[in-house]
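Engineer: 3D, please:
(chains A and B)
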Amino acid sequence: MRLSKLFGKTQREIPAEAETASHQLLLRAGMIQQLAAGVYSYLPLGWRVLKKIENIIRDEMDKAGGQEVNMPVLQPFEMWQQSGRDQALGKVLFTLSDRRERKLALGPTHEEVVTELAKYNVQSYRDLPLLLYQIQVKFRDEPRPRGGLIRVREFLMKDLYSFDADEAGLDISYQKMREAYQNIFDRCGLPVMLVEADSGAIGGKDSREFMVVAESGEDEIIYCPGCNYAANAEKAVSVKEKIDNGKPLPVEEVATPGAGSIEEVAAFLKIPHHHTLKAVFYIADGKLVFVVIRGDLEVNEVKLNNQLKASELRMATEAEVIKAGLVAGAASPVGIKGFKVIADDSVNSGTNFVAGGNKPDTHLKNVNYPRDFKADIVADIASARVGDKCPGCGGILASTQGIEVGHIFKLGTTYSQKFDASFIDKKGESRPLVMGCYGLGLSRLMAAVIEQNHDEKGIIWPLPIAPYQLYLCPLYKEGAKVEEVTEKLYAELEAAGFEVLFDDRQESPGVKFNDADLLGMPIRVTVSPRTLEKGSVEFKKRSEKESELVPLDGIAARLKKMVTEFNSV
RNA sequence: CGGGGUGUAGCGCAGCUGGUAGCGCGCAUGGUUUGGGACCAUGAGGUCGGCGGUUCAAAUCCGCCCACCCCGACCA
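Structural biologist: Below is the predicted model of the structure:
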């Protein structure tokens, strides 16, 4: 491709809209262009990258036994009501009406449709296992799109769905996908971390996310440097230390004038935070929920909602707390009635806690569970934190930010039961299909690659997904044979099967080198009067500082070797 | 949805106490240049986000709305 003809211009200035590295560089390189919040066009260079990623994914999906299909983006809204996910997804689901006022949704994911598809095409265990996938645009009306391609409302995603006869079969499909995913990320030159995750509105188990470590990542990963424990902070668990506070004593009232928060109460009574229990109030689908947790811990809302299964969960306002007849600052689970009480299992981690007294400026000493109050549910609903003990090896947990590029998990029979998708097993009995679901965001993957592979000059594409392999860069000078040699070289290299971006513009060397660095092709081939004097051209890898002179004859052979080396890394 | 910010040429920005819009980059033409964003000359390009109000007069003051960005909430 001749750069002089390429659609899309590079920009010197950093666009004011962009903050993350990948966003800035994609815009400056002329690879994407924004149309609306979280909606982008892909220009030729960006689109080539996406197609390369797509081909790698397709290759690995096919190798793992997947069959490619294409399902509708436009879906009847009733389907979402049938699965109940119109509620779970809420406003994230884009909806519209057709001319007959029938409500439709733009597909944010395809469990419903694929289950419907399988229902009519799978009758027997002989049809299983079945792996169906597609690479297609998805629509999600995000509350807040951000970071360029990191979180968008219209994006390319690969989604594969596995269908098996039983759990054992699902385990095999799941394992295959896990390996295929690892292969994909390896081939894209992207180191990933496999972490335990929550499965969200879809529901399911063995939920794992493939995370790319990046400062700009939206997810916090809690991991253990000592063993291989790693989890999304939404899901992460840590050891809750036992608090030794003596044998249970009788409950005792104590005046705590002016002390409301745990901070104040602990300071007033001169006790550590972990000798207290705090009450936190949430509104779950309009109802107030009373949450009890040890004073030094924080409630993890994802874990909390996994217990409550509410479609809308938020903290209660102070007004709502007061209206419910509770004493803000001194509310206590002891003696409380008429509320759903959820306790973190840390209430069992010690004895003689200080809790609210349900009277202003009053607290209770020596509160013990379950002697003094009962919870409807006792479960782990606390956030694991950096510095906590690892549940695996007892080491100290650390954290980092990550971008979720892939998510795999087991759905089981949730959807096959809702949509009555069953098959006849060996014994002639009808059974629901056992499903798994595996998503991978292409646009986001592209952004993540840049987050991990760039410098102050620009992008450094891993060779397998670079828009072009070579940046052919002649430095024209009258009288020298640069043009003649480069034109010939360009033709030769293309004939030899290389993907060449040929900077045939009449620009100064500075402009060309800077654009070459910005655009990030893996190998730059410079032809100039200086190199021609030595009968050579210059090779420079984008990822390295040094360049080398290579004799004119045998360039193609030399490049073949370089490309092979690149690919084997 | 709450908080903060920004909308002026393709991009980055200036434009005070109102007087009818400017700079740099880019773009076009001509010329001189050519190993890290060169230089000279000439030129094109703007409903100042939108609507309404105040005023003789609004990019500028006031009101409403919209869009986009950041933080939070939320997040398949």
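
Engineer: Let me know whether A:P522 touches A:K540 as I believe.
Structural biologist: No - if you go by C-beta atoms under 8 Å, A:P522 and A:K540 don't touch, sitting 10.0 Å apart. Every residue, glycine included, has its C-beta placed from N, CA and C.

Engineer: ok, those two, which is more surrounded?
Structural biologist: Neighbours were counted for A:P522 and for A:K540 using other C-beta atoms under 10 Å; A:P522 has more, 22 against 19.

Engineer: residue contacts, that one?
Structural biologist: By C-beta atoms under 8 Å, 6 or more residues apart in numbering, the contact list for A:P522 reads A:460-463, A:466, A:469-470, A:541-543, A:566.

Engineer: and what of A:E546?
Structural biologist: By C-beta under 8 Å, 6+ apart, A:E546 lies in contact with A:K540.

Engineer: Would you mind measuring from it to A:E538?
Structural biologist: Using C-beta to C-beta, to the nearest Å, we find A:E546 at a distance of 11 Å from A:E538.

Engineer: what does the stretch 101-250 of chain A have sitting close to RNA strand B?
Structural biologist: A:108-109, A:138, A:140, A:142-147, A:151, A:198-202, A:218 (C-beta under 7 Å from any atom of the strand).

Engineer: Next: the stretch 301-450 of chain A.
Structural biologist: Contact residues, the stretch 301-450 of chain A versus RNA strand B (C-beta under 7 Å from any atom of the strand): A:301-302, A:305, A:313-314, A:407, A:439.

Engineer: one more time with 6 Å, if that's ok
Structural biologist: Residues of the stretch 301-450 of chain A found near RNA strand B (C-beta under 6 Å from any atom of the strand) are A:301, A:314.

Engineer: quick one: the closest residue to RNA strand B within the stretch 301-450 of chain A from A:L93, how far?
Structural biologist: In the stretch 301-450 of chain A, the residue that lies nearest RNA strand B is A:E301 (4.6 Å; C-beta to the nearest atom of the strand). The gap separating A:E301 from A:L93 is 21 Å, by C-beta to C-beta.

Engineer: same deal with A:Q182?
Structural biologist: Distance from A:Q182 to A:L93, by C-beta to C-beta: 31 Å.

Engineer: can you check A:A284 too?
Structural biologist: To A:L93, A:A284 is 21 Å away according to C-beta to C-beta.

Engineer: Assign a three-state SS to the residue most central in space within chain A, would you?
Structural biologist: Closest to where the C-alpha atoms of chain A average out (C-alpha atoms, centre = their mean) is A:E404, at 1.8 Å. The local conformation at A:E404, judged by DSSP: H, G, I helix; E, B strand; the rest coil, is strand.

Engineer: A:D159: what's it in contact with?
Structural biologist: Residues in contact with A:D159 (C-beta under 8 Å, 6+ apart) are A:109-110, A:133-134, A:136, A:138, A:437-440.

Engineer: among those, which are in helices?
Structural biologist: Of the positions in the contacts of A:D159, not one sits in helices, assigned by DSSP state H.

Engineer: TSV please, covering the residues you listed and showing neighbour count and pLDDT.
Structural biologist: TSV is the format used below for these (neighbours: other C-beta atoms under 10 Å; pLDDT from 0 to 100):
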residue	neighbour count	pLDDT
A:T109	20	94
A:H110	25	96
A:Y133	26	98
A:Q134	20	97
A:Q136	17	96
A:K138	21	96
A:C437	24	95
A:Y438	27	96
A:G439	21	95
A:L440	27	96
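
Engineer: Show only the entries of those residues found in strands.
Structural biologist: With DSSP state E as the criterion, strands contain A:133-134, A:136, A:138, A:437-440 from among the contacts of A:D159.

Engineer: what about stretch A:345-365, start to end distance?
Structural biologist: Terminal residues of stretch A:345-365 lie 19 Å apart, using C-alpha to C-alpha, to the nearest Å.

Engineer: Enumerate the positions of that stretch that are buried.
Structural biologist: The neighbour-count check on stretch A:345-365 (16 or more other C-beta atoms under 10 Å) flags A:345-347, A:349-358, A:362-365 as buried.

Engineer: do stretch A:272-289 as well
Structural biologist: Judged by neighbour count (16+ other C-beta under 10 Å), stretch A:272-289 contains these buried residues: A:274-284, A:288-289.

Engineer: what's the answer for stretch A:452-468, then?
Structural biologist: Applying 16+ other C-beta under 10 Å to stretch A:452-468 flags A:452-454, A:458-468 as buried.

Engineer: if you count what's nearby, which of A:Q182 and A:L93 comes out ahead?
Structural biologist: Using other C-beta under 10 Å, the more surrounded residue of A:Q182 and A:L93 is A:L93, with 21 against 15.

Engineer: OK, contacts around that one?
Structural biologist: Residues in contact with A:L93, defined by C-beta under 8 Å, 6+ apart, are A:80, A:85-86, A:105-106, A:108, A:140-141.

Engineer: Try it again at 10 Å.
Structural biologist: A:75, A:77, A:80, A:85-87, A:105-109, A:139-141 (C-beta atoms under 10 Å, 6 or more residues apart in numbering).

Engineer: before we move on, what about A:K287?
Structural biologist: Contacts of A:K287 were listed using C-beta under 10 Å, 6+ apart, and they are A:308, A:310, A:324, A:339-340.

Engineer: Identify, from those residues, the entry nearest to A:V114.
Structural biologist: Using C-beta to C-beta, A:A310 comes nearest to A:V114 of the contacts of A:K287, at 27.2 Å.

Engineer: returning to what we had before: need the residues touching each of A:P522 and A:K540.
Structural biologist: With contacts taken as C-beta under 10 Å, 6+ apart, the residues that reach both A:P522 and A:K540 are A:Y471.

Engineer: A:F290 - nearest residue in space that isn't next to it in sequence?
Structural biologist: A:F339 (4.2 Å; C-beta to C-beta, 6 or more residues apart in numbering).

Engineer: what's the distance between the one you found and A:Y120?
Structural biologist: 47 Å.

Engineer: between these two, who's got more neighbours?
Structural biologist: Shown here are A:F339 and A:Y120; by other C-beta under 10 Å, A:F339 has more neighbours (18 against 8).

Engineer: Tell me the confidence at that one?
Structural biologist: According to the prediction, A:F339 has pLDDT 87.

Engineer: Can you spell out the domain ranges of chain A, please?
Structural biologist: For chain A, the structural domains run A:16-68+A:108-213+A:402-451, A:252-379, A:468-568, going by automatic domain parsing.
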